[in-house]
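Asker: just a sequence and a predicted model for now, questions to come.
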Amino acid sequence: MASLSLSFTSMSLRPPELSSGNGNYGNILRKKPFSVSVAANSPAPPEKPEIELEFIGPKAESDGSYPLETARAISGEKLLRNIMLDNKIELYATYGKVMNCGGGGSCGTCIVEIIDGKDLLNERTNTELRYLKKKPESWRLACQTIVGNKENSGKVVVQRIPQRKK
């Protein structure tokens, strides 16, 4: 429980002494100190739910393993593209680094594949339906994908720069 203490000084006017008749009104302003104590019983606000993200690199290392990067985000507050850029996780292939639209949903260069956790993301937008109509259902545009819905939490696994599986 937090406690807060405030101190104030009040001022009051004292009427002049009428009996003296000499015009000397004395000390008209009189200061009276007082204090106020306030106790706060409100609990700390609940923590916002978080989404844990794992990003799998597009190419295997020499030992056959794929590079893995991680990030966390508050549920429902950011687009996947922004989370990746904020955490310096590579989003674009060579062409996309130069020719991307900056997140406007008009180029299709920020394609990722959702390996796990699709239920923690928003539904495909109309822009995605247009750009990805011939792509697998697991593919998304990072600039159109909201991570979480402000209430859910969990883990999303993302394949960066996915390769078409034959």
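Answerer: Structure's in. What do you need?
Asker: tell me where the model's unsure across the chain.
Answerer: 1-42, 164-166 (pLDDT under 70).
Asker: can you give me the helices for it?
Answerer: For the chain, the helices defined by DSSP state H cover 80-86, 94-99, 126-131.
Asker: quick one: closest of these to residue 117.
Answerer: helix 80-86 (11.0 Å; C-beta to C-beta). Backbone N, C-alpha and C define where each C-beta goes, glycine included.
Asker: buried set for that closest one?
Answerer: Residues of helix 80-86 classed as buried by neighbour count (16 or more other C-beta atoms under 10 Å): 80-85.
Asker: looking at these, spot the one nearest residue 96.
Answerer: Looking across those and measuring by C-beta to C-beta, the closest to residue 96 is residue 81, at 11.1 Å.
Asker: about what we covered before: can I get the helices of the chain in TSV including distance to residue 156?
Answerer: Formatted as TSV, those follow (distance: least, C-beta to C-beta, whole Å):
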stretch	distance to residue 156
helix 80-86	8
helix 94-99	21
helix 126-131	16
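Asker: for residue 109, find the nearest of those helices.
Answerer: Ranking those by proximity to residue 109 (C-beta to C-beta) places helix 94-99 first, at 3.2 Å.
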